[in-house]
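S.K.: Fold the following for me, if possible:
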Amino acid sequence: MTDPMIFNAVYADHSFGKISLGEMINRGGASGKIYKVQNRPELVAKIFHNTNKSKTNRQKLEAMLLNKPHFPPVEADGVSYTQIAWPEALLEDEQGFCVGYLMPLINMDEAVSLDHLMQKATRKKLGLSEKYAYRIFAAYNVAAMVTSLHKCGHYIVDLKPSNVSVYKANMLVAMVDCDGFSIKGEKGRYPAEFVSEEYIYPEGMNLSCQEMGEEQDKFALAVIIFKLLNNGIHPFSGSPRKSDAEMLTIQNRIEQYHYAYGLWPDKYQAPHPYSLHEYFDKDTLEMFERAFTKGGNRPSAYEWQEHLWKLMHHLRQCKNNPNHVYFTSKGCGLCIMEDKFYHDMHDLKKQKQTPEKIRGINVDDTCL
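M.R.: Now for the predicted structure:
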């Protein structure tokens, strides 16, 4: 049996102590591996793969320790839920090199990736609730998390559903890999390390992720909220209006402001046929308009937090399906779209069952 790895833990108040690592529980992402901490079950340690960035890592972690967002654990039904794995202490080896950091344990067995909430088939496979109100609450919690970070001057930058998790029991946010964020420090900014296509704001197409900040987060947050409210439909997806039109990627459509769900029709594409956007609250549509159209003043994370809070407290309960709620007097968009989908599928099935005639002779699969 090998001896445990022992490091010095240095805290925000400059106090320190020895910690011993337990078993590795996750190989982590691009930046480091995750280990248990002996005699500290509430903590885990992230040990960086690359120790050549020791000085930069130390400066960024020190800035994070001194400028911590206010997001305490939440108690629900006697269980404490940690929502953000923010550094508690940096870790040094015996030579004084910064090798990683301590952070609160987030039990990812109790959480799912945010993108798993968006598709009905995935929710069914994972046993997640079909209650639409839960997705609105998840959107509110993501907005609240981003608000808290922005108040400290920090930016996520690589904000996308697969990088955000929610606890299955209550839709509270669970966020890890915070060392990859853009961090505000006393001596300057420590930039983000990654950004992902389909979530890059149009004006940021010629920028590196190191140059991105609040506008990137505001855009990506609006995309996430749109997808949560609209059954996973991306606000820049849709049906090209011309059959011979160039098939643009989602990021190309973002770059060219091809938003198909706004006040004016988009020249390139029509909305997704099963989009719920026509049943959204008027204020919601106006906020998306600001977020996705050229020259718009994008809503801040706090504006979204406030708006989603109001939505949650003015939902109308559907009389036909207990999992459905809706926003306006137009009725339950979920029911209307489900009926449309099943009607379309019935028609498609009927068309397939109708024998095709060639020169007056019926041709079906048995003839092939």
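S.K.: T122 looks like it's in a strand, true?
M.R.: No - judged by DSSP: H, G, I helix; E, B strand; the rest coil, T122 forms no part of a strand; its state is helix.
S.K.: what's the nearest residue to it if we skip its chain neighbours?
M.R.: Distance criterion C-beta to C-beta, 6 or more residues apart in numbering; nearest residue to T122, sequence neighbours excluded, is H116 at 4.9 Å. From N, CA and C alone the C-beta is placed, and that goes for glycine too.
S.K.: isn't that neighbour right next to G127, touching?
M.R.: No - with the criterion set as C-beta atoms under 8 Å, H116 and G127 do not qualify as a contacting pair; they are 10.7 Å apart.
S.K.: So which of those two has more stuff around it?
M.R.: H116 (18 against 8; other C-beta atoms under 10 Å).
S.K.: Can I take it that the more buried one is in a helix?
M.R.: Yes - residue state for H116 (three-state DSSP) corresponds to a helix.
S.K.: Report the contact partners of it.
M.R.: For H116, the residues meeting the contact criterion (C-beta atoms under 8 Å, 6 or more residues apart in numbering) are 122-123, 126, 128.
S.K.: same thing with G127?
M.R.: Taking C-beta under 8 Å, 6+ apart, we find G127 in contact with no residue.
S.K.: now do Y302
M.R.: For Y302, the contact set (C-beta under 8 Å, 6+ apart) comprises 143, 147, 150.
S.K.: any idea which of the residues you listed is closest to V195?
M.R.: When these are compared for distance to V195 (C-beta to C-beta), H150 comes out closest, at 16.9 Å.
S.K.: I figured the closest one was touching Q216, is that so?
M.R.: No - H150 sits out of contact with Q216 when judged by C-beta under 8 Å, with a separation of 11.6 Å.
S.K.: And the two? Which one has more around it.
M.R.: Neighbours around H150 and Q216, counted as other C-beta under 10 Å, are more numerous at Q216. The numbers are 25 against 21.
S.K.: Got phi/psi on that one?
M.R.: phi -60, psi -50 (degrees, to the nearest 10).
S.K.: ok, now which ones touch the residue positioned nearest the centre of the chain?
M.R.: Closest to where the C-alpha atoms of the chain average out (C-alpha atoms, centre = their mean) is P161, at 2.6 Å. Applying C-beta under 8 Å, 6+ apart, one finds that P161 lies in contact with 113-115, 118, 224, 227.
S.K.: hey, where'd the strands end up in the stretch 51-200 of the chain?
M.R.: Counting by DSSP state E, counting those that start in this stretch, the stretch 51-200 of the chain has strands at residues 74-76, 79-81, 89-92, 98-104, 111-113, 165-167, 173-174, 183-185, 188-190.
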